[in-house]
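1. Sharing a model prediction with you, sequence too.
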Amino acid sequence: MTTAKKVASKSSKSELGIDVKDLKVHYDTPDGVVKAVDGVSFSLRQGERMALVGESGSGKSTLAMALMRLTRAPGRIAGGQVYVGGRDMLDLDEEEMRLQRLNEVALVPQGAMNSLNPVMKIKNQLLDGLYDHQTEGDQKMSKEEQVEIVEKLLTAVDLAPSVAEMYPHELSGGMKQRVAIAIATSMEPRVIVADEPTSALDVVVQRNVMQTLGRLQEGLHASIILIGHDMGLVAQFSDHVGVMYAGRLVEVGPVKTVFKSPKHPYTRLLIKSLPTLSNKKDFIGIPGLPATLLNLPEGCAFCLRIGQTNPEKIPWVNVAKDHFIQDCKKCSSYGK
Amino acid sequence: MPAVLEAKNVTKVFGGGFLSREEENVAVNDISMSLDQKKPKIVAVAGESGSGKTTLARLLLGIADPTSGSVEYDGKDLKEISRAERREFRREVQPIFQDPYGSYNPFYKVDHVLFSPVKNFKMAENRDEAVHMVNQALEMVGLVPAETLGRLPHQLSGGQRQRVMVARALLLKPRVILADEPVSAVDASLRATILDAVSRLNKELGIAVVYVTHDLTTAYQISDEIMILYKGNLVEAGNVETVIKKPAHPYTQLLIDSIPEADPNKRWGKLDMKKTQEKIVTAPSVGWRK
C-alpha cells in the first residue's frame, strides 16, 4: 500500500504538506449567504502540527470539512484552492477525490462515538477504508494479510489485537477514538485533519489519546490540523496556531510566540478567558456575542463585537517571525 | 444548628437485585458531606465519567433515594419529611442542569421558565412585583431584561440560556443551588460569565453552591472546598487551594497532571500513567471524613 511517492517526499523535510489559499465556504439560506469560511489561507510543512481555534460558530468545523471536501448542502465551497501533494483538491472530480481521502488527506472526526458503524466488527471497519480508497484496483487481500494489517493498525494505537473482533458498543469512548485514529492513519496520509478529536473524553484519556495521535503523526511525517476550542490542548500539542473569528483567520503564528504575546485583541481575550490552575484572578469572559455570519460586512468583524465599526479592508501584518495578524487600527489595543 | 443539606454516609447501588442478572454497580460508596448554614460555601464535586458525581447530585436533590445512609435537609431525613416540607425543600434547593437546551420547551418563550416558578410558589403578590423580580434576577446574572424576555429559547445563545437558568433558580430565593456541569455545554469563552454569576450568588446573597464538574480548573476558580470522586469513592477532599496545589492522593495527582495548561512552556503529563494507576488502587482516601 505504501507507494514510492511518499517515501520520496518524506526525505525532504521542508516540503509543503498542505497549502490552503483563499478558501471560501458559503451556506445559502433564505435570509442570505452565510460566509462560514471567508477567505482563509495558510500552509503547513510536512511533519508540522497546526491548531485552528475559535468559538462555536467561528467556522472551524466547516473549514475541516471543506479540507476533506465533505461539505454538504446547503453549504458549498465558493472559492479557493487546497493543495496537497502538489494537486489542487478542489479541482478533482468526485472519483479522484474519493481516492485522495484516507490516502492523502484523512479525517479524525469529532465524537468518534458516532462515527463508527454500530453493526460492523472493528476489523471490517478498518479494512473497509483500505478497500474503498485504495488506488491499485480492488484486488482482495488474503485472510492472513488482513489479520496481519488489522493487528498492525490496532497495535499502533495501543489497542489489543482482540479488539478486531469486537463491536463499537463493547469499547469505551477512548478506545473508539483510537479506532478512529487507526482508520485515519491506515493509508499513511500526508495530511490528518483532527476535528476536536478528544472533546468528549475525560482529561486522563484525552492525554493518552493525544499522545498516540502525536506519535503516529510523527512516524508518518504527516501534517496535522487540529481543530478545537481548548486552548490548553492547543498549547500542549501543536507547533502553530491559527485563531479564527467569524469565518476568518485573525492571527497565525508559532504557538510559543502567540501564547506569550498575542497581538490580536480576540486572541488576547481567548487566552485570558481560560481558567488556569496557577492564578485565581485572571478569569474573565469575552464580552458580547460571537458575530452572526449572515450578511457580515467587509472590514473588521471583531470591532462589531465590542460596539465599533471599521469597514475598511484589514491588512495582514507580520508582527514577528512567522507571526501574522489582521491588524485593525481601531480594536488592536482592546483588552490590553 | 443543623446543616442546610447534609449527606450522611450515602451509598447508591444500581442493579444486582434479587432476580437481576446484572452485577451490582456501586455508583456512590459511603460519602458524607454537609453544607453549612452560617458560612455558605461553594463546594465542588469533581470526577470523571463514572465517578458517581451526578448520582451524588441526584441523591442530594432527592430525585434518587440512597440505598443506605441518609440525606438530611434542615436535620430531617428527606425520606420522612411531610408534603409541605418537601415543597419547601423543592423551593430552597434549586438545580441547574448541564444542557441549556433540554431545560426549555422550544415552543414557549423564555418568560415561561421565569414566571411559572414565581407563580407556582407564590413568590409575588401581583404581576408587577413578578416582573420586577424577574428583571432583578436577570440583571443579577448579567442579562439585559429587554433583550432577553419575549424571546424563544433558540433565539438566545447557549451562554444566555444557561444564565436564564441561573436567574430562574435565583427567583425562588433558594438556600442551596446545585449545579450539575452548568458550563460543559457552553463555549470556553462564555464559561467565565456564567461561573461569575454563580459565584456572585454565593458571595452576595449567601447561597450555598454545590458545583458538580469534571473540570478542575473551573472548580479551582470558583469553589472554596473540593471533593474528588473516583469510581464512587471519595478519594480526596478539603480546601480547594490545598487539594489543587498539594494533591495528596495519586488519582488527584494524575488528574491535575493530565490537564493541558494554556502555556506551551509547561510540560503536559509528567506522571507515568501505569505506575500512577497502580498506586490509585491501593491509596487510602485523604481529607475530611465526617
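-> Thanks, I have it.

2. going forward, measure contacts between C-alpha atoms and count neighbours the same way
-> Will do.

3. List the contacts of the residue in the stretch 151-300 of chain A that chain B sits nearest to.
-> Nearest to chain B in the stretch 151-300 of chain A, going by Cα to the nearest Cα, is A:Gly232, at a distance of 3.8 Å. Residues counted as contacts of A:Gly232 (Cα atoms under 8 Å, 6 or more residues apart in numbering or on different chains) are B:259-263.

4. at 7 Å what do you get?
-> When contacts are counted by Cα atoms under 7 Å, 6 or more residues apart in numbering or on different chains, A:Gly232 is found next to B:260-262.

5. Repeat that for A:Asp22.
-> A:Asp22 touches A:39-41, A:80-81, counting by Cα under 7 Å, 6+ apart.

6. just checking, it is part of a helix?
-> No - assessed with DSSP: H, G, I helix; E, B strand; the rest coil, A:Asp22 is strand; it does not lie in a helix.

7. Leaving out the residues flanking it, which one is nearest to the closest residue to chain A within the stretch 1-150 of chain B?
-> Of all residues in the stretch 1-150 of chain B, B:Glu48 sits closest to chain A, at 6.0 Å by Cα to the nearest Cα. Of all residues not flanking B:Glu48 in the chain, B:His214 sits nearest, at 5.5 Å (Cα to Cα, 6 or more residues apart in numbering or on different chains).

8. What count of nearby residues applies to the one you found?
-> 24 (other Cα atoms under 10 Å in any protein chain shown).

9. need the contact list for the residue nearest to A:Gln46 when sequence neighbours are not counted.
-> Among residues not flanking A:Gln46 along the chain, A:Gly17 sits closest, at 4.4 Å (Cα to Cα, 6+ apart). Contacts for A:Gly17 (Cα under 7 Å, 6+ apart) come out as A:44-46, A:84-85, A:190-191, A:223.

10. Those into JSON lines, with extra columns for pLDDT?
-> Listed next are the contacts of A:Gly17 as JSON lines, based on pLDDT from 0 to 100:
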{"residue": "A:Leu44", "pLDDT": "92"}
{"residue": "A:Arg45", "pLDDT": "92"}
{"residue": "A:Gln46", "pLDDT": "92"}
{"residue": "A:Val84", "pLDDT": "92"}
{"residue": "A:Gly85", "pLDDT": "86"}
{"residue": "A:Arg190", "pLDDT": "93"}
{"residue": "A:Val191", "pLDDT": "94"}
{"residue": "A:Ser223", "pLDDT": "94"}
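
11. I'd like the residues you listed as CSV, with neighbour count and secondary structure appended.
-> Below are the contacts of A:Gly17 laid out as CSV (neighbours: other Cα atoms under 10 Å in any protein chain shown; DSSP: H, G, I helix; E, B strand; the rest coil):
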residue, neighbour count, secondary structure
A:Leu44, 21, strand
A:Arg45, 19, strand
A:Gln46, 24, coil
A:Val84, 19, strand
A:Gly85, 19, coil
A:Arg190, 27, coil
A:Val191, 34, strand
A:Ser223, 25, strand
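
12. For residue 283, give me the pLDDT.
-> Just so you know, I chose chain A. Looking at A:Phe283, its pLDDT is 63.

13. not what I meant, chain B
-> For B:Ala283, pLDDT reads 82.

14. Just give me the neighbour total for whichever residue of the stretch 51-200 of chain B sits closest to chain A.
-> Distances between the stretch 51-200 of chain B and chain A by Cα to the nearest Cα are smallest at B:Ala192, namely 4.8 Å. Using other Cα under 10 Å, B:Ala192 has 23 neighbouring residues.

15. Let me know how buried the closest residue to chain A within the stretch 151-290 of chain B is, in neighbour terms.
-> Relative to chain A, the nearest point of the stretch 151-290 of chain B is B:Ala262 (3.8 Å; Cα to the nearest Cα). Counted with other Cα under 10 Å, the neighbours of B:Ala262 add up to 20.

16. cool, the one 10 residues further on as well?
-> Using other Cα under 10 Å, B:Asp272 is surrounded by 10 other residues.

17. ok, now how distant is it from B:Ala248?
-> Using Cα to Cα, to the nearest Å, B:Asp272 is found at 16 Å from B:Ala248.

18. Just the element for the residue nearest to B:Gly232 when sequence neighbours are not counted, please.
-> The shortest distance from B:Gly232 to any non-neighbouring residue, by Cα to Cα, 6+ apart, is to B:Val28 (4.2 Å). Taking DSSP states H and E as the definition, B:Val28 sits inside strand B:25-35.

19. and stretch B:221-230, what's its mean pLDDT?
-> pLDDT averaged over stretch B:221-230 gives 93.

20. Ok, stretch B:205-212 next?
-> Averaging pLDDT along stretch B:205-212 gives 94.

21. got the residue ranges for the helices in the chain?
-> Since you didn't name a chain, this refers to chain A. With DSSP state H, the ranges of helices along chain A come out as A:4-11, A:60-67, A:94-100, A:122-133, A:143-156, A:173-185, A:203-220, A:231-237, A:255-260, A:265-272, A:301-305.

22. Please refer instead to chain B.
-> With helices called from DSSP H, chain B shows them at B:53-60, B:83-92, B:111-120, B:127-140, B:145-148, B:158-171, B:188-205, B:216-222, B:240-245, B:250-258, B:273-282.

23. Would you mind listing the buried residues in the second one?
-> Applying a neighbour-count criterion of 16 or more other Cα atoms under 10 Å in any protein chain shown, one finds B:86, B:89-92 buried in helix B:83-92.

24. shaky segments in chain A?
-> A:1-14, A:112-113, A:135-139, A:281-283 (pLDDT under 70).

25. let's see 80
-> A:1-14, A:111-114, A:133-141, A:200, A:278-292, A:295, A:297, A:307, A:335-336 (pLDDT under 80).

26. do the same with the stretch 151-290 of chain B
-> The model of the stretch 151-290 of chain B has pLDDT under 80 over residues B:157, B:185-190, B:269-270, B:273-274, B:281, B:287-290.

27. Chain B against chain A: which residues are in contact?
-> Contacts of chain B with chain A, taken as Cα under 7 Å from any Cα of the partner chain, map to B:48-49, B:187-193, B:217-218, B:220-221, B:255, B:258-264, B:268.

28. what pLDDT does the residue nearest to B:Leu149 when sequence neighbours are not counted get?
-> Excluding the flanking residues, the one nearest B:Leu149 by Cα to Cα, 6+ apart is B:Asp111, at 5.7 Å. We have a pLDDT of 93 for B:Asp111.

29. what's the spacing between B:Ala262 and A:Leu277?
-> 10 Å.

30. now swap in A:Asp230 and tell me
-> From A:Asp230 across to A:Leu277, the span is 15 Å (Cα to Cα).

31. Looking at the two, which is more packed in?
-> A:Asp230 (22 against 18).

32. Quick check: the more buried one vs A:His264, distance?
-> 18 Å.

33. which residue sits closest to residue 23, ignoring its sequence neighbours?
-> All of this is about chain A. Once flanking residues are discounted, A:Leu23 sits nearest to A:Gly80: 4.1 Å by Cα to Cα, 6+ apart.

34. that's the wrong chain, I wanted chain B
-> B:Gly16 (5.0 Å).

35. Now find how far off-centre stretch A:140-160 is within its chain.
-> 26 Å (Cα atoms, centre = their mean, to the nearest Å).

36. That should have said stretch B:4-24, apologies.
-> Chain-centre distance of stretch B:4-24: 20 Å, with Cα atoms, centre = their mean.

37. cool, and stretch A:270-281?
-> The mean C-alpha position of stretch A:270-281 is separated from the chain mean by 25 Å, Cα atoms, centre = their mean.
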